[in-house]
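**Q** Structure, please.
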Amino acid sequence: MIKFIMYVYIHKSNVQKQVFITTEYINLGALLKYLGIIQQGSEAANFLATSFVLVNNIQETRRGRKIYPGDELIINGDNYLVHRKN
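**A** Take a look at the predicted model:
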């Protein structure tokens, strides 16, 4: 089971959500589920096909895309930064 901790860091007027993972990487579909953006993993493909998702400023449609610490995501206008929690 993949575990993560999320908290919000506010800098000036921008809000960037900091996501901490305890593993080397997390698949994009699993991240969407754990962030509460989708309810079931089976919704990931449809969500990615109909939504605006950027990983490191490149549009992403693959639910299996590996997300590593240091990756920046924009999901429907919300900013996320992934960190590794030791």
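**Q** C-alpha from now on. contacts and neighbour counts both.
**A** OK.
**Q** if I read this right, residue 68 contacts residue 82, doesn't it?
**A** Yes: between residue 68 and residue 82 a contact is recorded at 6.8 Å, counting by CA atoms under 8 Å.
**Q** Which pLDDT value goes with residue 47?
**A** On pLDDT, residue 47 comes in at 96.
**Q** Kindly report the same for residue 6.
**A** What the model reports as pLDDT for residue 6 is 53.
**Q** and what of residue 85?
**A** With respect to pLDDT, residue 85 scores 85.
**Q** and it, what does it touch?
**A** With contact set as CA atoms under 8 Å, 6 or more residues apart in numbering, residue 85 has these partners: 20-22.
**Q** Just the ones of the residues you listed in strands?
**A** Among the contacts of residue 85, the members falling in strands (DSSP state E) are 20-21.
**Q** Weed out the non-buried ones from the contacts of residue 85.
**A** The neighbour-count criterion (16 or more other CA atoms under 10 Å) marks 20-21 among those as buried.
**Q** Among the contacts of residue 85, which one sits closest to residue 73?
**A** residue 20 (13.2 Å; CA to CA).
**Q** since we're on residue 42, how many residues are nearby?
**A** Close neighbours of residue 42, defined as other CA atoms under 10 Å, add up to 12.
**Q** and it, helix, strand or coil?
**A** With DSSP: H, G, I helix; E, B strand; the rest coil as the basis, residue 42 sits in helix.
**Q** Neighbours of residue 51, how many?
**A** As a burial measure, residue 51 scores 13 neighbours (other CA under 10 Å).
**Q** Ok, residue 76 next?
**A** Counted with other CA under 10 Å, the neighbours of residue 76 add up to 10.
**Q** For burial, what's the neighbour tally of the nearest residue to it once chain neighbours are set aside?
**A** In this structure, residue 76 finds its nearest non-sequential neighbour in residue 52, 5.1 Å apart by CA to CA, 6 or more residues apart in numbering. If you count neighbours by other CA under 10 Å, residue 52 ends up with 14.
**Q** Many thanks, I have nothing further to ask.
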